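Undergrad: predicted coordinates and the sequence they were generated for:
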Amino acid sequence: MISFIIPAHNEELLLARTLQAIDAAARPLGLPFEVIVVDDSSTDRTAAIAREHAARVVSVGHRQIAATRNAGAREARGEMFIFVDADTVVSDAAVRAAVGAMHHGAAGGGCAFRFGGRLPLYGRILQAVAGPLYRTVGLASGCFLFCAREAFRATGGFDERLFGAEEAAMSRALRRQGKFVVLRESVTTSGRKLRAYSGREVLGVMARLAFSGAKSVRRREGLDVWYGERRADPDSDA
């Protein structure tokens, strides 16, 4: 069985599209699958929308992404885990390739990604650089990370000391368990943060992470891009 695990906080605007894409990609595989939405302290219709699309809802109050992902994994029944962000539209090709990689013994991996919608100049530059960089250094993006259940358990799960970059830590942990692949197939994740936040704000967080490492993401403070009050998206995703 494949378990799709989706952490979500106030995602009523984009969650339905994510769930529809997962269903459309998973059904042709002919394998049993389940979809788990981990509703983390939402105050909108996130949970209701998940149930309307036949997803199983796990309610938590962490407001911490690593702990929320782990909560979904604890409830999962599948031998294969695919973690998908609530604002990400998977492709048939990416899901098929991820399942194929795990069937052939991969401990885990990620895939290429693009940002949806109109992007500011800095966002277009970031997109052009990030994809090849993730592939070169062998990291999965947070929007799409897959792993075998046993490999996940062997890592101890996502590092709950981290409020961000937990997917990078998990990528390294999975690589110690076996083969880790970054697929050429891609998914589309929302570009809303790149539109709602300035280049200075987004790149500032990335620079702190690059220079200070895990220390910069061990507190929620200073990580408004992920944990601050959500800003209105000045444009809609394409």
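TA: Now that the structure is in, tell me what you want to look at.
Undergrad: drop to CA atoms for contacts and neighbour counts, all remaining ones
TA: OK.
Undergrad: tell me if residue 189 really is in a strand.
TA: Yes: checked against DSSP: H, G, I helix; E, B strand; the rest coil, residue 189 lies within a strand.
Undergrad: tell me how far it lies from residue 111.
TA: 12 Å (Cα to Cα, to the nearest Å).
Undergrad: ok, now residue 136?
TA: From residue 136 across to residue 111, the span is 12 Å (Cα to Cα).
Undergrad: what's the answer for residue 59, then?
TA: Distance of residue 59 to residue 111, computed by Cα to Cα: 28 Å.
Undergrad: and the helices in the protein?
TA: Per DSSP state H, the chain carries helices over the ranges 15-26, 46-52, 65-75, 92-103, 121-137, 149-155, 166-175, 192-196, 199-212, 224-227.
Undergrad: pLDDT weak spots in this protein?
TA: For the chain, residues meeting the criterion pLDDT under 70 lie at 236-238.
Undergrad: could you redo the last one with a cut-off of 50?
TA: 237-238 (pLDDT under 50).
Undergrad: where does the residue nearest the centre of the chain fall, phi/psi-wise?
TA: With distances taken as Cα atoms, centre = their mean, the residue of the chain nearest its centroid is residue 143 (2.7 Å). Residue 143 adopts backbone torsions of phi -70, psi -20, taken as degrees, to the nearest 10.
Undergrad: can you tell me the closest non-neighbouring residue to it?
TA: Distances taken as Cα to Cα, 6 or more residues apart in numbering put residue 85 closest to residue 143, at 4.7 Å, once the chain neighbours are dropped.
Undergrad: go on, residue 186?
TA: Leaving aside its sequence neighbours, residue 186 sits nearest to residue 112 (Cα to Cα, 6+ apart; 4.3 Å).
Undergrad: just checking, that neighbour touches residue 183?
TA: Yes: between residue 112 and residue 183 there is a contact under Cα atoms under 8 Å: 6.2 Å.
Undergrad: ok so, going back, any idea how far the residue nearest to residue 143 is from residue 199?
TA: The gap separating residue 85 from residue 199 is 22 Å, by Cα to Cα.
Undergrad: those two: which is more packed in?
TA: Between residue 85 and residue 199, residue 85 has the larger neighbour count (other Cα atoms under 10 Å), namely 24 against 16.
Undergrad: for the more buried one, which residues are in contact?
TA: Residues in contact with residue 85 (Cα atoms under 8 Å, 6 or more residues apart in numbering) are 6-8, 142-144, 189.
Undergrad: just put these in a markdown table and tack on distance to residue 49.
TA: Formatted as a markdown table, the contacts of residue 85 follow (distance: Cα to Cα, whole Å):
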| residue | distance to residue 49 |
| --- | --- |
| 6 | 13 |
| 7 | 14 |
| 8 | 11 |
| 142 | 22 |
| 143 | 20 |
| 144 | 21 |
| 189 | 19 |
